[in-house]
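[1] I would like the atomic coordinates for the input below:
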Amino acid sequence: MMLGRNITIIGGSGGMGKVFCKYFKNHRFDVTLFARNELRLKKVASEFNVKYELSLEKSVKNADLVMISIPITSTAEMIHKIGPLLKKNTLIFDISSIKKSVVNALNEVQNKYPINCISLHPMFGPGITNMKNYVMTVLKVGGTEKYEEIVNELLNLFRSDGLIITETEPDIHDKRVALTLGVPHMFNILFLNLLKSSKEPLNELTRFTGTTFLLQKVFAESIIQREMEMFGEIQMENQEFLKILEKFEALLSRYKKIVEEKNVKGFNEIFSQGLDYSKEDNHFKNSYNYFYEFMKILKRESEN
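    Numbers count the residues shown, from 1 in each chain. Presented below is the predicted three-dimensional model:
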């Protein structure tokens, strides 16, 4: 194997750091964790029975792979910091949710040092128990003459566990992530705040609930329990999201005017536009069935 078995996870005490710590340990890699919070670092290392290191330089010095799992705003700086510390043919990869600045940083260190760089984005969160049929987006950067062999070994490892590998480019990635992560996060945060502004207790609203409200509430409550910092970064650090917000503002203004004017024709038009767009989706025909399958699960939970 060209890949090597020593992996250092920077940010290894965080949620995704723990997911990949467990993953690589289960695949018999020698895992070393590095993180800023010493107490949490020692606790996680003990929990997974892996090594930890308090010195960044020592943690990456002999690594064959280095994974960076830290806040988006710190990722590019960390890439530049560890680039000169790595041995030849080390593979460095991040798992950040925004790629433009990160890929630029990886390109810069790869051009200076004999290392290999790739950027990954696992499209799942820390609650995952099985990676099968989840998507991992991949942005290939470049490296040494061993690049393709080393990178393909890593990607084939992921594929062997059922991960769906989707290759893309930074601009495309950031636009689509703004739509698939930023937009749903925004809607659910605003949904809860809109309800709060009514001064109606959520438990009281639930007594009047229909199926649509109940499912939307469950989605929103599951999202709001996750890391505030991550959600903020995904929206604030992605320039593509600002463009989407401008479109949303215009759409909301149009919608308000339609309602104010009781414009049935305008409502039918905006409704039909959404319907026509949805029909292009492969899941469209079964979406109503999926909806009620979710409802059955919620009903069973409430009865227990």
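
[2] how far does the longest helix anywhere in the chain sit from the chain's center?
    Ordering each helix of the chain by length in residues (DSSP state H) puts helix 239-260 first. Centroid separation for helix 239-260 versus its chain: 25 Å, with Cα atoms, centre = their mean, to the nearest Å.

[3] List the buried residues in that helix.
    Within helix 239-260, the residues that count as buried by 16 or more other Cβ atoms under 10 Å are Glu240, Phe241, Ile244, Ile258. For the C-beta atoms, the positions are set from N, CA and C on the backbone; glycine is no exception.

[4] Which neighbouring elements make contact with it?
    helix 170-177, helix 183-197, helix 264-278 (3 or more Cβ pairs under 8 Å, 6 or more residues apart in numbering; DSSP states H and E).

[5] still on that earlier bit, save the buried residues of helix 239-260 as a markdown table, and put in pLDDT and distance to Ile92 too.
    A markdown table is the format used below for the buried residues of helix 239-260 (pLDDT from 0 to 100; distance: Cβ to Cβ, whole Å):
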| residue | pLDDT | distance to Ile92 |
| --- | --- | --- |
| Glu240 | 91 | 25 |
| Phe241 | 94 | 27 |
| Ile244 | 95 | 31 |
| Ile258 | 98 | 51 |
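
[6] if we can go back for a sec, list just the one of the helices and strands packed on helix 239-260 that sits closest to Arg40.
    Closest to Arg40 of the helices and strands packed on helix 239-260, according to Cβ to Cβ: helix 183-197, at 25.2 Å.

[7] List the buried residues for the closest one?
    Val183, His185, Met186, Asn188, Ile189, Phe191, Leu192, Leu195.

[8] And stretch 25-35, by the same measure?
    Buried residues in stretch 25-35, counting neighbours by 16+ other Cβ under 10 Å, are found at Phe29, Asp30, Val31, Thr32, Leu33, Phe34, Ala35.

[9] Now the third one: phi and psi?
    As for Val31, its main-chain torsions (degrees, to the nearest 10) stand at phi -100, psi 130.

[10] ok, now the second one?
    Dihedral angles of Asp30 (phi, psi; degrees, to the nearest 10) stand at phi -90, psi 110.

[11] What separation do you get for the nearest residue to it once chain neighbours are set aside and Met136?
    What sits nearest to Asp30 in space, not counting adjacent residues and going by Cβ to Cβ, 6 or more residues apart in numbering, is Asn6, at 4.9 Å. Noted for Asn6: a distance of 22 Å to Met136, by Cβ to Cβ, to the nearest Å.

[12] How about Lys285?
    To Met136, Lys285 is 27 Å away according to Cβ to Cβ.

[13] In terms of packing, which of the two has more residues around it?
    Met136 (19 against 9; other Cβ atoms under 10 Å).

[14] Test my guess that the more buried one contacts Met123.
    Yes: at 6.9 Å, Met136 counts as touching Met123 under the criterion of Cβ atoms under 8 Å.

[15] where's the residue nearest to Asp30 relative to Gly15, distance?
    Using Cβ to Cβ, Asn6 is found at 23 Å from Gly15.

[16] the more surrounded of the two?
    A side-by-side neighbour count of Asn6 and Gly15, using other Cβ under 10 Å, places Asn6 first with 18 against 15.

[17] Surely that one is in contact with Phe24?
    No: counting by Cβ under 8 Å, Asn6 stays clear of Phe24, with 10.0 Å between them.

[18] what sits against Val177?
    Residues counted as contacts of Val177 (Cβ atoms under 8 Å, 6 or more residues apart in numbering) are Ser97, Ile98, His121, Ile234, Asn238, Glu240.

[19] Now do the contacts for the fourth one.
    The one in question is Ile234. Applying Cβ under 8 Å, 6+ apart, we find Ile234 in contact with Ile72, Ser97, Ile98, Val177, Leu181, Gly182, His185, Phe241.

[20] Turn these into CSV, including distance to Glu57.
    CSV is the format used below for those (distance: Cβ to Cβ, whole Å):
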residue, distance to Glu57
Ile72, 23
Ser97, 27
Ile98, 27
Val177, 32
Leu181, 34
Gly182, 35
His185, 36
Phe241, 35
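
[21] Break this structure down into its structural domains.
    According to automatic domain parsing, the chain is divided into the following domains: 6-168, 172-303.

[22] I am finished for the moment; much appreciated.
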